[in-house]
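Q: Build me a structure from this.
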Amino acid sequence: MSTQIETLLKSNLTTTVVHNNIPVVEIDKVNVYSKGHHILKNVSTIIPKNKITVLLGPSGCGKTTLLKCLNRLTDLYPDLKVSGSIRIDGDNIFDAHKDITAIRQKMGLLLQRPYPLPMSIYDNIAYGLKLKGIRNKKIISAKVEKHLKEVALWDEVKDRLKTSAQRLSIGQQQRLCLARGLAVEPEIILADEPSSALDPISSRVIEEEFIKLKSGYTIILVTHILRQAKRLADNVIFMYYGEIIESGPAQQVFENPQSEILKEYLRVGH
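A: Residues are numbered from 1 along each chain as shown. The predicted model follows:
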């Protein structure tokens, strides 16, 4: 696959970017460098509100780096140099005066492997609530129940909330981490291949929860699994070698791709 796609990439390609719906995130001319290596190349696109936007492409194409830019996790890597702008609800997150903590509080982050806090199931959710200044125990308990129900975990753990979160299965831990992220009431959920470490059943549960959650949240999902992208995506951003090759509504991108490189990727991925 790589030889064919690389040949196509070297030919003259027309990048097709279709903007649709109300944007919650506007990305404009973002470039990321690391020690002279150009990781993201003049990336511009939008993320529509209350949709699942899938960042699709082969490993190493820049999907995760773009995701890290959205909540400025790139700040944690001294070797990364970032330019351009990312506007969330109209505000450029790269402005020098921006509060990074406030930016990150707008987003829940779900990683490839779940990392529950070393405390009880209950406290994993309550921890973020307390950081937000909530002290009323009844309010905290109600919110713990609410967010565990949001991820379809309540019925499985309601009788053992004081048990260590480490004793949950990996699929349950991933849903707990999702609930923990929802507890701080983010606008956006960032998910970096969240089902890559899960069995097929747990993976499908996570996918079903994303579909339910998009009515109240904007979800940005990184995956290289074409079938998963087709199941979940409302909007697709296809990346290759640090560039956006094509983006737009999922049906259009999958059924009527405009670039030869995407056509080849879809053909091989079937």
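Q: Tell me where the stretch 51-200 of the chain has strands.
A: Assigned by DSSP state E, counting those that start in this stretch, the strands in the stretch 51-200 of the chain fall at 52-56, 80-88, 91-92, 107-110, 188-192.
Q: The fourth one pairs with which strands?
A: When you say that, I think you mean strand 107-110. Take DSSP bridges as the rule and strand 107-110 pairs in its sheet with strand 188-192 (parallel).
Q: Could the C-alpha coordinates of the partner strand be exported in PDB?
A: Coordinates of each C-alpha in strand 188-192 appear next as PDB, following Å, rounded to 0.1, in the frame of the first residue of the first chain:
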ATOM      1  CA  ILE A 188     -15.200  18.800  23.300                       C
ATOM      2  CA  ILE A 189     -14.100  15.200  23.700                       C
ATOM      3  CA  LEU A 190     -10.700  14.300  22.300                       C
ATOM      4  CA  ALA A 191     -10.200  10.600  21.700                       C
ATOM      5  CA  ASP A 192      -6.900   9.200  20.500                       C
END
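Q: which residues are contacting that strand?
A: The contact list for strand 188-192 (C-beta atoms under 8 Å, 6 or more residues apart in numbering) reads 24-25, 47, 64, 67, 70-71, 88, 106-112, 178, 181-182, 210, 213, 217-222. Where C-beta positions appear, they are placed from N, C-alpha and C, glycine not excepted.
Q: Take these and keep only those in helices.
A: Counting by DSSP state H, the contacts of strand 188-192 place 64, 67, 70, 178, 181-182, 210, 213 in helices.
Q: wait, isn't residue 48 in contact with residue 233?
A: No: between residue 48 and residue 233 there is no contact under C-beta atoms under 8 Å: 11.3 Å.
Q: and those two? which has more neighbours close in?
A: Neighbours were counted for residue 48 and for residue 233 using other C-beta atoms under 10 Å; residue 233 has more, 23 against 18.
Q: Residue 236: what's it in contact with?
A: If a contact means C-beta under 8 Å, 6+ apart, then residue 236 has 53-54, 56, 229, 246-250, 253-254 as its contacts.
Q: Going by neighbour count, which of those residues comes out on top?
A: Busiest of the contacts of residue 236 [other C-beta under 10 Å] is residue 56, holding 32 neighbours.
Q: OK, contacts around that residue?
A: The contact partners of residue 56, taken as C-beta under 8 Å, 6+ apart, are 63, 223-224, 226, 229, 233, 236-239.
Q: same thing but at 7 Å, please
A: Shown in contact with residue 56 (C-beta atoms under 7 Å, 6 or more residues apart in numbering): 223, 229, 236-238.
Q: Which strand residues bridge residue 34?
A: The partner residues for residue 34, given DSSP bridges, come to residue 37, residue 80.
Q: Run a quick neighbour tally on it.
A: Other residues within reach of residue 34, judged by other C-beta under 10 Å, total 15.
Q: isn't it right next to residue 79, touching?
A: Yes: contact criterion C-beta atoms under 7 Å: residue 34 and residue 79 qualify, at 5.0 Å.
Q: low-confidence ranges in the stretch 1-150 of the chain?
A: Filtered on pLDDT under 70, the stretch 1-150 of the chain yields the residue ranges 1-21.
Q: give me that answer again for 90
A: 1-23, 36, 59-60, 89-90, 96-98, 100-105, 112-113, 128, 131-133 (pLDDT under 90).
Q: With residue 143 as the reference, measure out to residue 66.
A: Using C-beta to C-beta, to the nearest Å, residue 66 is found at 31 Å from residue 143.
Q: try residue 158
A: In this view, residue 158 and residue 143 are 14 Å apart by C-beta to C-beta.
Q: do the same with residue 40
A: Between residue 40 and residue 143 the computed distance is 37 Å (C-beta to C-beta).
Q: quick one, which of the two is more surrounded?
A: Neighbour comparison, residue 40 and residue 143: the larger count goes to residue 40, with 26 against 20 (by other C-beta under 10 Å).
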